[in-house]
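1. Curious how this folds, go ahead:
(chains A and B)
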Amino acid sequence: MIKINLEDTYEPVFISDDLTEFVFNSELKDGKVIDLHVKFSNIGNSFLPNVYNLAYGPLNHRGEIDDEIKLHHQNINKLFSTIVFYAITFLDTYKERKVGIDGSNDGRAYWYHRMFQSNQEELEELIIIIGVDWYVRLLRDGNVERNEKGEPLFKPRPEPFDLKRRASDLYRYYLIERK
Amino acid sequence: MKKDIQHKIDSLRSSISKVSKEGRIAPSLKRDNSLSVSIRNEKEAENFKAAYEAAKSLARKK
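-> I've put the predicted structure just below:
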């Protein structure tokens, strides 16, 4: 279980002027200390101008954040507390923005889910957590709605984060905003 | 707790100028975003925003 304690976080070694990027040092179980980047990037959809994707990880050989690498952190509680604290700081600065966490290609969605689940009471004092599922519409003739390629048309449906939902039944996407 | 955290947020914000700024910014990731690819026009965006606001309202009542 991940225990969030926002009073026990890593100090940043870098903060961008617009608070969209932070860097801090995290110790791994093998004793190595690495630079971890936390970045909030606009998702680039003009219809949803205020949604920012959260990514964190070390830089890869191309200088991009590797948000799929599996690392064994010495203190997973402090790691997640730091990421959540930076996200809350970002949202507190830009009240109209939302931070999105994409669970479709990120094994860490499991960790985020467990983290929200086991710290919901404390976090919901500060942020609103919304889970998003995708559904396809059943038409009256028994078919399902399809896109121009003939594929089922999946539509996002947000709902308040369901505390009872099991980690094996993850949301595909999470959105958080400042309360 | 809220008060303490707000103080910590304010301190972090005010420390920006004191923290190193050289050569740290990583390029944005080029990857499809699940939500972004599902919202392709104004109507889909409006539907999603309405559903989101309803979910937010429910979340506040919990």
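2. pull the longest helix from the chain.
-> Reading this off chain A. Using DSSP state H, we find that the single longest helix of chain A is helix A:76-93.
3. Please refer instead to chain B.
-> Assignment by DSSP H gives helix B:42-61 as the longest helix of chain B.
4. Poorly predicted segments of chain B, please.
-> By pLDDT under 70, the low-scoring segments of chain B are B:1, B:20-24, B:28-30.
5. and what of chain A?
-> Within chain A, the ranges that satisfy pLDDT under 70 run A:104-107.
6. which residues of it fall in strands?
-> Listed in chain order, the strands of chain A (DSSP state E) span A:12-15, A:21-27, A:33-42, A:51-57, A:98-102, A:127-136, A:154-160, A:173-178.
7. Okay, buried residues for the longest helix of chain B please.
-> Neighbour-count burial for helix B:42-61, counted by 16 or more other CB atoms under 10 Å in any protein chain shown, picks out B:44-45, B:48, B:51-52, B:55-56, B:59. Using the backbone N, CA and C atoms, a C-beta is placed for each residue, glycine as well.
8. Same list (the strands of chain A) but as TSV, adding distance to chain B and mean neighbour count.
-> Listed next are the strands of chain A as TSV, based on distance: least, CB to the nearest CB, whole Å; neighbours: other CB atoms under 10 Å in any protein chain shown:
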stretch	distance to chain B	mean neighbour count
strand A:12-15	4	20
strand A:21-27	6	20
strand A:33-42	4	19
strand A:51-57	6	23
strand A:98-102	5	22
strand A:127-136	5	19
strand A:154-160	4	19
strand A:173-178	5	22
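9. In TSV: those strands, plus distance to B:Ile39.
-> Output for these, formatted as TSV (distance: least, CB to CB, whole Å):
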stretch	distance to B:Ile39
strand A:12-15	30
strand A:21-27	25
strand A:33-42	14
strand A:51-57	9
strand A:98-102	12
strand A:127-136	11
strand A:154-160	8
strand A:173-178	12
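10. Can you report how many residues neighbour A:Trp111?
-> A count of neighbours around A:Trp111, defined by other CB atoms under 10 Å in any protein chain shown, yields 15.
11. For it, give me its contacts.
-> Taking CB atoms under 8 Å, 6 or more residues apart in numbering or on different chains, we find A:Trp111 in contact with A:2, A:80.
12. Name the nearest residue to A:Ala109, sequence neighbours excluded.
-> Excluding its sequence neighbours, the residue lying closest to A:Ala109 (CB to CB, 6 or more residues apart in numbering or on different chains) is A:Gly103, at 3.0 Å.
13. Contact partners for residue 37?
-> Unless you meant another one, I'm taking chain A. A:21-23, A:55-59, A:65, B:24, B:26 are the contacts of A:His37 under CB under 8 Å, 6+ apart.
14. how far away is the nearest residue to A:Ile130 once chain neighbours are set aside from A:Leu153?
-> Nearest in space to A:Ile130, with sequence neighbours left out and distances taken as CB to CB, 6+ apart, is A:Leu175 at 4.4 Å. Using CB to CB, to the nearest Å, A:Leu175 is found at 21 Å from A:Leu153.
15. before we move on, what about B:Ser14?
-> For B:Ser14 relative to A:Leu153 (CB to CB), the value is 48 Å.
16. the more surrounded of these two?
-> The residue with more neighbours, out of B:Ser14 and A:Leu153, is A:Leu153; 17 against 9, by other CB under 10 Å.
17. quick one: that one and A:Leu138 touch, right?
-> No. Judged on CB atoms under 8 Å, A:Leu153 makes no contact with A:Leu138 at a distance of 11.5 Å.
18. tell me, what's touching these two both at once?
-> Joint contacts of A:Leu153 and A:Leu138 (CB under 8 Å, 6+ apart) are A:Val144.
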